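Participant: Just a sequence and a predicted model for now, questions to come.
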Amino acid sequence: MPAQPTHVIAPAAVEAEIDSDRRNEALERVAKSISGAELAATLDALTRDSGPEAAELRHLLVRRWAESDAPAAAAWASRLPEGQVGRDALEQVAIVWANTALPAAADWVSSLPEGDRKQVATFGVAYEAARFEPVKALELTGTLPPTRERDDLLVHAVGQWAGTDSASASTWAMEVSDPALRQRLVASVAIVLAEQDPVAAATLAVNSLEAGEEQDRVVISIVQRWVQFSPQAAASWVLHFPDNPLRIAAVQNLLALWTAQDAEAAGRWLQELPAGPMRDAGIVAHAQALEDRDWTTSSGTPAGGE
């Protein structure tokens, strides 16, 4: 009886492994044992196997093929029938290709016919591009139809851009015509900017975000970051807030973090607050932070450590 081809016996070779580490090692061994000439036939067979081992091996082989010959892997994935298997293969090719040759990967997704396949591939390339070429990621994402998933990708990419060029990212975000999307984009820039320049981040949040949930969330994020290295400045900013629930929430966050750093300074600032809801909320936050600190110390765990 002739030996069964590798693409038939491959999944069965790991089915018996119960230990997850050994199972993963077995999958890697099987993947490496398949020659380049066998890749297409093996993958064709694996697309007809719905088992989890086949899916994992398919994943490994598509990535390997894309690393060595992305155009060929992309052509194979593009010919697959509509469905999850085809989507997964296109996504894997897109991710690998974007990391090895972004311009070529971008040209590939741009050449695909409109539809679900193009969207899947574009998402894969753009998310990878956002890590090192966020402007290119924004260009690619801008070609997609408006969906929540597309907007999430734009928010992610502009946040990555803000990490290296907050001024340009902010300008770009402010020029987006969709008001709701523009708010999310500006919020993303402001939160990232808070790590570099909290004063500029605070100015952006106050002047460019509409009052409401999004602005509240960003303001709290800025306070949390600002207090890490300049609590007194963050505290002064918070005191200029209007007398509303946001100011109380900001004071609570401020004192929780400040007390963990310097309980004495936080306590002095708290005592200077005028009587009222803001001071009452601050007292509770300060006391809770002291309690947490004392518990951490008594349990033998250094504050801020494991």
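Facilitator: Yes, it's here.

Participant: could you pull out the strands for the stretch 1-150 of the chain?
Facilitator: Taking DSSP state E, counting those that start in this stretch to define them, one finds no strands in the stretch 1-150 of the chain.

Participant: In space, not sequence, find me the middle residue of this protein.
Facilitator: H156 (6.4 Å; CA atoms, centre = their mean).

Participant: can you tell me which helix in this protein is longest?
Facilitator: Ranked by residue count, the top helix of the chain under DSSP state H comes out as helix 52-78.

Participant: Look up how far L239 lies from the closest residue in space to G159 that isn't next to it in sequence.
Facilitator: Excluding its sequence neighbours, the residue lying closest to G159 (CB to CB, 6 or more residues apart in numbering) is S188, at 4.1 Å. C-beta: built from backbone N, CA, C; applies to glycine. Plainly put, S188 is 27 Å away from L239 if you go by CB to CB, to the nearest Å.

Participant: neighbour-wise, which of these two wins?
Facilitator: S188 (22 against 15; other CB atoms under 10 Å).

Participant: which ones are touching that one?
Facilitator: Residues near S188 by CB atoms under 8 Å, 6 or more residues apart in numbering: V155, H156, V158, G159, A162, A173.

Participant: Can you give me the buried ones in the helix or strand containing it?
Facilitator: Using DSSP states H and E, S188 maps to helix 179-196. Across helix 179-196, burial judged by 16 or more other CB atoms under 10 Å covers 181-195.

Participant: okay, the angle between the following helix or strand past that helix and helix 179-196?
Facilitator: Going down the chain from helix 179-196, the next helix or strand is helix 198-208, by DSSP H and E. Counting by axes from the mean of the first three to the mean of the last three CA atoms, to 10 degrees, helix 198-208 lies at 160 degrees to helix 179-196.
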